[in-house]
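fold the following.
(2 chains)
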Protein chains: 2
Amino acid sequence: MNYAEMKPAQVRQLIREGSITGQTAGMCNGYAQANLCVLSREYAYDFLLFAQRNPAACPVLEVSDPGDRLLHTIADRADIATDFPKYRIYVNGVMTEEVTDASAFWREDLVSFLIGCSFSFEGELLSAGIPVRHIEEGKNVPMFLTNIPCHPAGVFHGNMVVSMRPMPADQVVRAVNATASMPKVHGAPIHIGDPAVIGISDLQRPDFGDAVTVHPGEVPVFWPCGVTPQAAVMAAKPSFAITHAPGHMLITDIQNTALKY
Amino acid sequence: MNYAEMKPAQVRQLIREGSITGQTAGMCNGYAQANLCVLSREYAYDFLLFAQRNPAACPVLEVSDPGDRLLHTIADRADIATDFPKYRIYVNGVMTEEVTDASAFWREDLVSFLIGCSFSFEGELLSAGIPVRHIEEGKNVPMFLTNIPCHPAGVFHGNMVVSMRPMPADQVVRAVNATASMPKVHGAPIHIGDPAVIGISDLQRPDFGDAVTVHPGEVPVFWPCGVTPQAAVMAAKPSFAITHAPGHMLITDIQNTALKY
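The predicted model follows:
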């Protein structure tokens, strides 16, 4: 099957049936993918406020009504509990299991937050002629916990997590321009250059994802990362939460180009 | 006093002291002004979700913590209860009084929402060489209730309110471009041309604000308006609410140019 050329609704159906349970990278070329964070209603205001105060790290694409498993805006009638290939279940901040169908865990008090993902702007980078190292090397993007504090909101607080893409100095300005017009998928970089300035001691030891090659003279460029809200949620140890498993995203009906201002 | 050239903190001090109680249009050239909606905590999640689902009409610039009268992001240490020239007090959806100091009404359960205002993008229009008719004529901008439904959220629902600026056809594209890059202050137009398409029967009878001259051959251009969330709030008849009085805004420390992507 050529998943890259399929329509999002077709791939979501295969995922719903359990025919696809792996990572979604490269599926449905041109369509945005989304991260998931599901919390009980009692935490929903604090989380939405955390997102409002930290929009670069936590760009919210859609919020469900309590108990509603269906999406209505970014992926019409997608089922939140079945249309991601894999989920992680957290109890009191500890991951208890991974499942390919979260239906059995659904409750009437759950609110789902769908969050933009940097997969969307990587397409823009490639279109602008900027190679993306972790794609070249077949790896997950390297991510780092920084010393940049998020604006706290209620029970949620923590430092920003960033993703890093190295590039020759003469590509940096184009990379800024290509991503700045896409704030719903993290937008412009948060830092360019010396990792130590934002509290990163070793680019070869990422906190999440994989290390990638940084050639001599290349400049590391750092973007706000959607792992930031997940880290803030885990640190707050809510009684119950569901997230997607890393790389196992929802494929939306929104084209990446529609996310540009 | 030349309020246009003063710094925001100076004007806010004069407002706080009661030396300024009138409209803020034209004060502190280049700085963004903000709308206010204050609700009790029980309504805060629904309101923030309404804003998330209707970002063009309801661009949130800052949300206070419950009971906190001070702002921390858009106007450092501004006092929400005293730094607007005039407030409206609502009980069960009915306006009961206008006051120049809302301190006596403050409660520990109140959450304040500061919302972006089209004053910011009118500066962009003027800079792009596009005359703004209601400024030329010394009037308030004409605003209309449309047939465009907002996405409901909890107790809040209603149709979009728009502001209208007429212009010659050859200025429309420039007006779209000048405002599209400012989504935090309503962004691009929602409709261009025939008012009937969005449920407006007579451009000379606005639902809010003043009628302005539309010359023969001019095209009416419609933008999402910050009156939309206020109308949704009033329709929901919350037990208590505070808003700014029309035209009596907070002057922020944020320069309009900083609101551009």
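
only the C-alpha atoms, please, for stretch A:137-148, written as PDB.
What follows is stretch A:137-148, C-alpha atoms only, in PDB (Å, rounded to 0.1, in the frame of the first residue of the first chain):
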ATOM      1  CA  GLU A 137      19.300   9.800   8.500                       C
ATOM      2  CA  GLY A 138      15.900   8.000   9.000                       C
ATOM      3  CA  LYS A 139      15.700   9.000  12.700                       C
ATOM      4  CA  ASN A 140      13.300  10.700  15.100                       C
ATOM      5  CA  VAL A 141      14.000  14.400  15.600                       C
ATOM      6  CA  PRO A 142      16.300  15.200  18.500                       C
ATOM      7  CA  MET A 143      14.500  17.000  21.400                       C
ATOM      8  CA  PHE A 144      16.000  18.700  24.400                       C
ATOM      9  CA  LEU A 145      14.700  20.000  27.700                       C
ATOM     10  CA  THR A 146      15.800  23.700  28.000                       C
ATOM     11  CA  ASN A 147      16.200  26.300  30.700                       C
ATOM     12  CA  ILE A 148      13.400  28.400  29.100                       C
END
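
show me how far that stretch is from its chain's centre.
12 Å (CA atoms, centre = their mean, to the nearest Å).

model confidence over it, on average?
On average, the pLDDT along stretch A:137-148 is 94.

what are the buried residues along it?
A:140, A:141, A:142, A:143, A:144, A:145, A:146, A:148 (16 or more other CB atoms under 10 Å in any protein chain shown). From N, CA and C alone the C-beta is placed, and that goes for glycine too.

so the first one belongs to a strand, correct?
Think residue A:140. No: judged by DSSP: H, G, I helix; E, B strand; the rest coil, residue A:140 forms no part of a strand; its state is coil.

now do it against residue A:163, distance only.
Here the distance between residue A:140 and residue A:163 works out to 10 Å (CB to CB, to the nearest Å).

ok, the nearest residue to residue A:209 once chain neighbours are set aside to residue B:10 distance?
In this structure, residue A:209 finds its nearest non-sequential neighbour in residue A:140, 4.1 Å apart by CB to CB, 6 or more residues apart in numbering or on different chains. Note on residue A:140: its distance to residue B:10, by CB to CB, is 51 Å.

same check on residue A:151?
Residue A:151 is 27 Å from residue B:10, by CB to CB.

so who does residue A:167 touch?
Neighbour list for residue A:167: A:130, A:131, A:133, A:175, A:218, A:219, A:221 [criterion: CB atoms under 8 Å, 6 or more residues apart in numbering or on different chains].

buried ones among those residues?
Burial by neighbour count, 16+ other CB under 10 Å: within the contacts of residue A:167 this picks out A:130, A:133, A:175, A:218, A:219, A:221.

would you check which pair of the contacts of residue A:167 lies furthest apart?
The distance between the two most remote of the contacts of residue A:167 (CB to CB) is 13.5 Å, for A:131 and A:219.

quick one, grab the pLDDT at the residue nearest to residue A:71 when sequence neighbours are not counted.
Closest residue to residue A:71 apart from its sequence neighbours, by CB to CB, 6+ apart: residue A:78 at 4.5 Å. pLDDT recorded at residue A:78 is 97.
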